[in-house]
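Chemist: no sequence on this one, just coordinates:
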């Protein structure tokens with residue numbers, strides 16, 4: 001009705017008006033004042049891009065649909081002169097991106113909400129205080145299962161938000177829930193079973209994560225704490241059996257890590273960029289052995305190598321390498337394979353991104369395949385020596401895609417005559 005009325009500044013609604021239909025005031029950039037005290041329903045994009053709208057009493061609202069106040073950058077809710085608060089305590093449904101980009105919001109009360117839309121408060125950069133319901137009813141996921149969780153990206157980019165009390169019956173910490181927010185500490189309810197992907201990624205002020213006693217958590221998913229540069233040593237509950245790809249990447253304050261007793265699967269890249277010098281198995285996880293701080297599967301596969309374990313690495317003949325196992329270690333000076341070690345493959349990404357001290361490598365004569373990106377981004381690597389057996393033969397047949405990509409210091413390399421396949425960009429930028 002009033003969409004795009006760019007000079008409209010004030011609206012006085014009749015007290016019988018309880019619904020604002022879809023798009024009614026969308027784009028009314030000059031709108032500053034409107035009485036919404038009696039309104040219970042606000043449709044999609046009803047006030048989207050009303051960038052001058054500051055005061056809005058939504059105390060009677062029960063439903064606020066998608067994009068309703070998106071990019072209302074001046075919106076503060078209701079002010080008493082000393083403080084401001086968006087009181088939506090009666091709201092049951094909050095739609096996708098309903099308040100996204102409301103950069104002036106400071107406090108929000110949504111104690112009755114059951115349905116939260118994705119990205120509902122994304123980039124509310126002044127938001128400091130949030131009151132959530134004590135419990136949530138949950139949402140039906142893609143598999144048709146009812147899961148008690150908050151919406152994905154709900155507080156993404158809320159850089160002033162430092163602490164939130166989560167609903168006590170929460171089962172999943174949703175993906176991107178607090179990504180790039182200002183969270184400093186968080187308590188994970190015992191009911192939580194999964195920290196989903198990117199849930200705390202980029203929370204640069206996060207120092208403390210506490211799991212309640214009796215935790216049911218099973219998953220620390222991919223990138224969950226990636227880039228939490230102030231996060232200190234975390235005690236992961238023994239219920240966790242999976243730690244994902246880059247789960248703790250660049251958490252530089254983490255210096256030690258105890259393997260949970262139930263751990264079954266962990267990505268070799270989970271702790272890239274931390275300052276862990278040794279992993280320990282004090283909780284006696286039966287699925288792994290720890291030798292000299294290195295995590296090893298029963299079949300002899302090295303799964304986790306401490307990112308800050310300094311010096312020459314000697315791989316004994318009874319061990320195998322996992323994909324990405326040494327990726328990003330910047331203190332290894334040399335990799336040596338024990339005499340008689342009949343390794344046939346250097347796995348994908350196994351030595352990728354080793355630091356400035358890694359200058360030379362000897363490839364055993366038994367190696368048939370150098371996997372994709374095996375030595376990618378080893379920028380200081382200058383010498384690659386393909387060894388020969390006692391008969392003067394080398395078994396190497398395949399050099400995978402990007403195997404030595406961006407190895408800038410390699411000026412000369414002698415490819416064995418046994419090689420049949422060289423992958424795409426195998427020596428690109430070398």
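Modeler: Yep, it's here. Given the structure is predicted, the values throughout are model-derived calculations rather than measurements.

Chemist: next, count neighbours for residue 308.
Modeler: 18 (other CB atoms under 10 Å). For every residue, glycine as well, the C-beta is placed using N, CA and C.

Chemist: need the contact list for it.
Modeler: The contact partners of residue 308, taken as CB atoms under 8 Å, 6 or more residues apart in numbering, are 255, 274, 275, 276, 277, 329, 331.

Chemist: residue 140: which of the residues you listed is nearest?
Modeler: Distances from these to residue 140 were compared by CB to CB; the smallest belongs to residue 274, at 36.9 Å.

Chemist: now, of the contacts of residue 308, which are buried?
Modeler: By the neighbour-count criterion of 16 or more other CB atoms under 10 Å, these include these buried positions: 274, 276, 329, 331.

Chemist: of those residues, closest to residue 135?
Modeler: residue 274 (35.0 Å).

Chemist: could you find the closest non-adjacent residue to that closest one?
Modeler: residue 254 (4.4 Å; CB to CB, 6 or more residues apart in numbering).

Chemist: same question for residue 289.
Modeler: Nearest residue to residue 289, sequence neighbours excluded (CB to CB, 6+ apart): residue 296, at 4.8 Å.

Chemist: report the separation between the one you found and residue 232.
Modeler: Going from residue 296 to residue 232 by CB to CB, to the nearest Å gives 27 Å.

Chemist: then residue 321?
Modeler: Counting by CB to CB, the gap from residue 321 to residue 232 is 30 Å.

Chemist: swap in residue 47?
Modeler: Between residue 47 and residue 232 the computed distance is 42 Å (CB to CB).

Chemist: and the nearest residue to residue 328 once chain neighbours are set aside, how far is that from residue 326?
Modeler: Of all residues not flanking residue 328 in the chain, residue 272 sits nearest, at 4.0 Å (CB to CB, 6+ apart). To residue 326, residue 272 is 10 Å away according to CB to CB.

Chemist: so where's this protein shaky on pLDDT?
Modeler: 81-82 (pLDDT under 70).

Chemist: what about the residue nearest the centre of the chain, distance to residue 186?
Modeler: The structure's the chain has its C-alpha centroid closest to residue 198; by CA atoms, centre = their mean the separation is 2.3 Å. As for residue 198, its distance to residue 186 is 15 Å (criterion: CB to CB).

Chemist: just to revisit the earlier point, okay, residue 47 and residue 232: which has more neighbours?
Modeler: residue 47 (27 against 13).

Chemist: wait, doesn't that one sit right on residue 25?
Modeler: Yes: in this structure residue 47 lies within contact range of residue 25 using CB atoms under 8 Å: 5.1 Å.

Chemist: common neighbours of these two, please.
Modeler: Counting by CB under 8 Å, 6+ apart, the common neighbours of residue 47 and residue 25 are residue 31.

Chemist: ok, residue 57 touching residue 37?
Modeler: Yes: shown here, residue 57 and residue 37 form a contact pair, counting by CB under 8 Å, at 4.9 Å.

Chemist: how far out from the middle of the chain is stretch 412-430?
Modeler: Averaging C-alpha positions (CA atoms, centre = their mean, to the nearest Å) puts stretch 412-430 35 Å from its chain's average.

Chemist: what residues does it touch?
Modeler: 372, 384, 386, 393-408, 410.

Chemist: what pairs with residue 243 across the strands?
Modeler: Beta-bridge partners for residue 243, by DSSP bridges, are residue 220, residue 266.

Chemist: how many neighbouring residues does it have?
Modeler: Other residues close to residue 243 by other CB under 10 Å number 25.

Chemist: cool, the one 3 residues further on as well?
Modeler: Applying other CB under 10 Å, we find 24 residues neighbouring residue 246.

Chemist: between its first and last residues, how far does stretch 140-158 reach?
Modeler: 26 Å (CA to CA, to the nearest Å).

Chemist: same question but for stretch 423-430, I mixed them up
Modeler: 14 Å.

Chemist: before we move on, what about stretch 395-415?
Modeler: 12 Å.

Chemist: how close does residue 261 sit to residue 193?
Modeler: Taken as CB to CB, the span from residue 261 to residue 193 is 17 Å.

Chemist: all strands of the stretch 101-250 of the chain, in order?
Modeler: Remark: strands assigned in the stretch 101-250 of the chain by DSSP state E, counting those that start in this stretch are 107-109, 115-116, 129-131, 139-140, 146-147, 172-173, 185-188, 194-195, 208-211, 219-220, 242-243.

Chemist: export those strands to JSON lines and tack on distance to residue 66?
Modeler: Below are those laid out as JSON lines (distance: least, CB to CB, whole Å):
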{"stretch": "strand 107-109", "distance to residue 66": "17"}
{"stretch": "strand 115-116", "distance to residue 66": "11"}
{"stretch": "strand 129-131", "distance to residue 66": "20"}
{"stretch": "strand 139-140", "distance to residue 66": "15"}
{"stretch": "strand 146-147", "distance to residue 66": "21"}
{"stretch": "strand 172-173", "distance to residue 66": "22"}
{"stretch": "strand 185-188", "distance to residue 66": "28"}
{"stretch": "strand 194-195", "distance to residue 66": "26"}
{"stretch": "strand 208-211", "distance to residue 66": "32"}
{"stretch": "strand 219-220", "distance to residue 66": "29"}
{"stretch": "strand 242-243", "distance to residue 66": "33"}
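
Chemist: for residue 64, find the nearest of the ones you listed.
Modeler: strand 115-116 (10.3 Å).

Chemist: packing partners for the closest one?
Modeler: Under the contact criterion of 3 or more CB pairs under 8 Å, 6 or more residues apart in numbering; DSSP states H and E, strand 115-116 touches strand 93-94.

Chemist: between residue 57 and residue 37, which one's more packed in?
Modeler: Neighbours were counted for residue 57 and for residue 37 using other CB under 10 Å; residue 57 has more, 16 against 13.

Chemist: next, the contact list for that one, please.
Modeler: Contacts of residue 57 by CB under 8 Å, 6+ apart are 35, 36, 37, 77, 78, 87.

Chemist: now do 6 Å
Modeler: Contact partners of residue 57, counting by CB atoms under 6 Å, 6 or more residues apart in numbering, are 36, 37, 78.

Chemist: of all these, which comes closest to residue 351?
Modeler: The closest of the contacts of residue 57, once distances to residue 351 are taken by CB to CB, is residue 78, at 58.9 Å.

Chemist: give me the element the closest one is part of.
Modeler: Element membership of residue 78 [criterion: DSSP states H and E] is strand 78-79.

Chemist: got the contact list for that strand?
Modeler: With CB under 6 Å, 6+ apart, strand 78-79 has contacts from residue 57.

Chemist: so which of the strands of the stretch 101-250 of the chain comes closest to residue 99?
Modeler: It's strand 107-109; of these, that one is closest to residue 99 (CB to CB) at 7.8 Å.
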